[in-house]
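K.L.:
this one's structure only:
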């Protein structure tokens, strides 16, 4: 009675474990090893099948849709890049190239034109220098001893007609030379050298006129304009000497003859005029050489 009351009923899990335990206890050792081997083998098969299923899973990069989408995107990018290159970069580069080419050609044309104008200026300046020789030849016709006996009016009127035409042509030549001088690169020095030459040339031509005026006075010493002529052609120091007390008229005429001979010698040996001409020509030629060198460099850079 006492034992039946203290006995505790077993649970279902306990019954199951007891059943498995009793089942295993009834198996032999060989049967146990065989069961364990089968379980191990089944586990290996499951692991291999699980690995193969993972390796056989398709990759996204191998998906045809993904590949097509990537190709479409790349094609769109390439198309856009091509549009940018052909629509913007290429025209811009062509514009820059054409602009640089135009600048080079424009500079080449400008240098060529300036060189031509500079050479023309040198040629016209040489032509201008010939007017001093013409002035000398014009005056020599009237101041030569062979025409000493001619009348004063014939002497002065003939010279004045020729001299007016001479001055007109010379003024036009001076204007032409000055207009061509604007094409020089070193305009300041060239302008100054040409200005010095023109000043000496004007003095030279004025000397030829003074000779003629003195000649006219010597032809007619009683001319009432003699004093005015003297004041035009002589310096103040020479005038004071000429009209000093005790100076006779014959001495005054001799003084005028000496003055005329000095002027004749001066215009026949125009050292100062020639030097100023050489300086101007030298500066013009140097500027032309610079333009020629610049033109050669630009042609070589084409």
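P.N.:
Cool, got the structure. Note that the structure is predicted; figures quoted are calculated from it, not measured. Numbering: from 1, shown residues only.
K.L.:
where does this protein have low pLDDT?
P.N.:
1-27, 49-63, 143-156, 220-227, 229, 245-247, 302 (pLDDT under 70).
K.L.:
select the longest helix from it.
P.N.:
helix 90-143 (DSSP state H).
K.L.:
how distant is the helix or strand just after that helix from the center of its chain?
P.N.:
Scanning forward in sequence from helix 90-143 by DSSP states H and E, the next helix or strand is helix 152-180. Relative to the chain's own centre, helix 152-180 is displaced by 42 Å; criterion: C-alpha atoms, centre = their mean, to the nearest Å.
K.L.:
buried set for the helix or strand following helix 152-180?
P.N.:
Downstream of helix 152-180, the next assigned helix or strand under DSSP H and E is helix 187-219. Using 16 or more other C-beta atoms under 10 Å as the test for burial, helix 187-219 gives 190-191, 193-194, 196-198, 200-201, 204-205, 207-219. Where C-beta positions appear, they are placed from N, C-alpha and C, glycine not excepted.
K.L.:
so what's the residue count around residue 270?
P.N.:
19 (other C-beta atoms under 10 Å).
K.L.:
that one: what's it in contact with?
P.N.:
132, 200, 204 (C-beta atoms under 8 Å, 6 or more residues apart in numbering).
K.L.:
could these go into a markdown table alongside distance to residue 166?
P.N.:
Formatted as a markdown table, the contacts of residue 270 follow (distance: C-beta to C-beta, whole Å):
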| residue | distance to residue 166 |
| --- | --- |
| 132 | 11 |
| 200 | 17 |
| 204 | 13 |
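K.L.:
if we can go back for a sec, from the contact counts, what lies against the longest helix of the chain?
P.N.:
helix 152-180, helix 187-219, helix 249-268, helix 271-300 (3 or more C-beta pairs under 8 Å, 6 or more residues apart in numbering; DSSP states H and E).
K.L.:
so what's the gap between the longest one and the chain middle?
P.N.:
What it means is helix 187-219. On C-alpha atoms, centre = their mean, the centre of helix 187-219 falls 40 Å from the chain's centre.
K.L.:
quick one: it to helix 249-268, angle?
P.N.:
150 degrees (axes from the mean of the first three to the mean of the last three C-alpha atoms, to 10 degrees).
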